[in-house]
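S.K.: Here is the input, now give the coordinates:
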Amino acid sequence: MSSSISSSRKVKMENTQAVLKEDQTETVTYTAYKRRWAMMVTVMLLNISNTGMGFNVAPVAYKAADYFEVTQYDITWFSQVYLILPFTFSSISTYIFNKFDMKVGVHIGSALNCVGALTRAVATSGLIADLWTQYVVSLIGQAAGSAGHLFIGFIVTKVTQNWFPDGERMVATAIMAFFPALGISVAQVMAPIVVTEKQQIPTLNYIYGGLALLAEIATLICVTRSRPPTPPSRSAEHGTTARAPYLQQLKQTFTSPSFLGLIIMSGVMTAFYLCLTTLSQQMLCSKGYSDFFSGVVVAVFNIAGLVGSIAIAAVENRTKALTEITKLGNAFGVLFTIMLMEVYLVPGQHALLIIFSVLFGFFSSGVYPISLEIGVEITYPVEETISTTLIFVTGQILGVLMTYTANVLSSDLPPELQDIEVCTKNITSDLQARDYSGVVMGLMGVLTFIVILFTVFFRTPYKRREVEQTTDMSDTAEPTTSTCGR
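M.R.: Residues are numbered from 1 along each chain as shown. The predicted model follows:
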């Protein structure tokens, strides 16, 4: 009898030990390293430099055309090249990120950004006498910066996935996704201040050459590895091990109806934002608004986008209603886009332009980071840069088409605007202001149609969240051990 009891106790003890061992195996501690903040700041600095260089000529388009002695349509190529090249070569950057991971891609992007900015600075430094050659060399530098944009403009979701725990990921994405827009905002305000006369175009290039050099130094110091020694979350750990070959990942992405619907909606909103950023000065100056005020309008809707990004991300973190918030954000974004465009068509409405710029930026730009995150949720465990790149590249393709169409379909100014336009003020070249009213009305109709379809039909599962919910996570921060943190 006592032998039977002893044997029973022994079996119970062995079972208890087995359960403890099993629990120990399943309990994994994920670590959030302080180095994630250095990675975040470096990516933000790179994007301020890169997108600023991409769009810093747009707010002074007529002065730049006068400087190079070309047309204002030739000047739009400084922005257009930033849209065309990423579309053409996006598969190269996503393959490199998939094959060699984040460190290699970021260093390539930073180097191209620096080379591009310095090339533009040299082109207008006086070493080249012929103005047409200056223009061509400047565009070559712009193309190099655009190639760099392939590697630093689409890595937000990869940085947050590799380095940030689940509880911080959405807000981190919102903040980092804003900095390309911040780079554009700074350029939109600073360029008219720096370039009050055409002779100051070189000064603008020197400023951005210095900023790109600073970003390159930060990259060399801080981006020394692709991911931390231990993953910050369950999905970060599981994502790389469960990842299929590259071509299969592309097939998985392109055959997802939910993702295709998302890239159409987000692509159209991104395209309109890029088109408006490129042409705002030309659209508003024909209604009598100054270059500086046009830059302020673009800066305002970009800054409002930061506030909107963080606010919308905070609401999503609390409610977890990712799909519903994405739909509402896009719906309100389109609504206030239409209102803003209506005011664009009317002279002398400075206050209304600022008000609707705030509302437009808050929703249309604010929903963009959530769109990137839901893109990762739909395609997980596909390489994060693939979904992010496809969303933005779709926007770039449509942005090129919108900008080209707007230029082609623009018309001569009606007589009542010819006396108030300031586009050709202090311009010595034979340049003419244009009217974009008809184009704007057409774009508003397209936006309305697409957002209705998206709101009614978009549905998706959350694949990454399903992985996160398979285990309890414990996130800890470790102390700094180097210049940029551990």
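S.K.: so which strand or helix has the residue lying closest to Ile108 once chain neighbours are set aside?
M.R.: Nearest residue to Ile108, sequence neighbours excluded (Cβ to Cβ, 6 or more residues apart in numbering): Phe151, at 5.1 Å. C-beta: built from backbone N, CA, C; applies to glycine. Counting by DSSP states H and E, the element that carries Phe151 is helix 131-152.
S.K.: How about residues contacting the helix or strand that that helix is followed by?
M.R.: Using DSSP H and E, the helix or strand that follows helix 131-152 in sequence is helix 156-163. With contact meaning Cβ atoms under 8 Å, 6 or more residues apart in numbering, helix 156-163 is reached by 32-33, 35-36, 39-40, 43, 97, 102, 168-169, 172-173, 176-177, 226-228, 232, 235-236, 239, 369, 372-373, 375-376, 383-385, 387-388.
S.K.: as a whole number, average confidence for stretch 31-45?
M.R.: In this model, stretch 31-45 has a mean pLDDT of 91.
S.K.: ok now it, how far from the chain's centre?
M.R.: Remark: stretch 31-45 is offset 17 Å from the chain centroid, using Cα atoms, centre = their mean, to the nearest Å.
S.K.: give me the element the closest residue to His350 other than its chain neighbours is part of.
M.R.: Spatial nearest neighbour of His350, excluding adjacent residues (Cβ to Cβ, 6+ apart): Phe293 at 6.8 Å. Here Phe293 sits within helix 291-319, counting by DSSP H and E.
S.K.: May I see the buried residues of the next helix or strand after that helix?
M.R.: Using DSSP H and E, the helix or strand that directly follows helix 291-319 along the chain is helix 322-344. Going by neighbour count (16 or more other Cβ atoms under 10 Å), the buried part of helix 322-344 is 322-323, 325-341, 343-344.
S.K.: for stretch 280-298, same thing?
M.R.: So for stretch 280-298, counting by 16+ other Cβ under 10 Å, buried means 280-287, 289, 291-298.
S.K.: same thing with stretch 451-466?
M.R.: For stretch 451-466, the neighbour count (16+ other Cβ under 10 Å) marks 451, 454, 458, 460, 462, 464 as buried.
S.K.: Turn these into a markdown table, columns for secondary structure.
M.R.: Putting the buried residues of stretch 451-466 into a markdown table (DSSP: H, G, I helix; E, B strand; the rest coil) gives the following:
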| residue | secondary structure |
| --- | --- |
| Val451 | helix |
| Phe454 | helix |
| Phe458 | coil |
| Thr460 | coil |
| Tyr462 | coil |
| Arg464 | helix |
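S.K.: so which of the residues you listed comes closest to Leu409?
M.R.: Val451 (22.6 Å; Cβ to Cβ).
S.K.: Can you name the residues that contact the closest one?
M.R.: Val451 touches 265, 330-331, 333-334, counting by Cβ under 8 Å, 6+ apart.
S.K.: In this structure the residue nearest to His350 contacts Leu284, no?
M.R.: Yes. In this structure Phe293 lies within contact range of Leu284 using Cβ atoms under 8 Å: 7.2 Å.
S.K.: Give me the mean pLDDT for stretch 67-82.
M.R.: Averaged over stretch 67-82, pLDDT sits at 86.
S.K.: okay, it in CSV with CA atoms only?
M.R.: Provided in CSV are the C-alpha atoms of stretch 67-82 (Å, rounded to 0.1, in the frame of the first residue of the first chain):
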residue,chain,number,x,y,z
TYR,A,67,17.5,80.5,-63.3
PHE,A,68,18.0,77.5,-65.7
GLU,A,69,16.3,79.3,-68.6
VAL,A,70,13.8,76.4,-69.1
THR,A,71,10.0,76.1,-68.9
GLN,A,72,8.1,75.5,-65.7
TYR,A,73,7.1,72.1,-67.1
ASP,A,74,10.9,71.2,-67.2
ILE,A,75,11.1,72.1,-63.5
THR,A,76,8.4,69.7,-62.6
TRP,A,77,10.9,66.9,-63.5
PHE,A,78,12.7,67.6,-60.3
SER,A,79,9.6,66.2,-58.5
GLN,A,80,8.6,63.8,-61.2
VAL,A,81,11.9,61.9,-61.2
TYR,A,82,11.2,61.1,-57.5
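S.K.: Just give the number of residues close to the closest residue to Gln199 other than its chain neighbours.
M.R.: Spatial nearest neighbour of Gln199, excluding adjacent residues (Cβ to Cβ, 6+ apart): Tyr67 at 7.3 Å. Tyr67: 23 surrounding residues under other Cβ atoms under 10 Å.
S.K.: any idea where the strands of this protein begin and end?
M.R.: Counting by DSSP state E, the segments of the chain that form strands are 30-33, 411-412, 434-435, 475-478.
S.K.: how far out from the middle of the chain is the first one?
M.R.: On the basis of Cα atoms, centre = their mean, strand 30-33 sits 26 Å off its chain's mean C-alpha point.
S.K.: The nearest residue in space to Val446 that is not next to it in sequence: neighbour count?
M.R.: Spatial nearest neighbour of Val446, excluding adjacent residues (Cβ to Cβ, 6+ apart): Val268 at 7.1 Å. Using other Cβ under 10 Å, Val268 is surrounded by 24 other residues.
S.K.: Touching, Val268 and Phe449? I think so.
M.R.: No. Assessed by Cβ under 8 Å, Val268 is found out of contact with Phe449, at 9.7 Å.
S.K.: coming back round to it: reformat the buried residues of stretch 451-466 as CSV; add distance to Gly126 and pLDDT.
M.R.: Shown next, in CSV, are the buried residues of stretch 451-466 (distance: Cβ to Cβ, whole Å; pLDDT from 0 to 100):
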residue, distance to Gly126, pLDDT
Val451, 50, 91
Phe454, 51, 92
Phe458, 54, 90
Thr460, 55, 85
Tyr462, 57, 82
Arg464, 53, 79
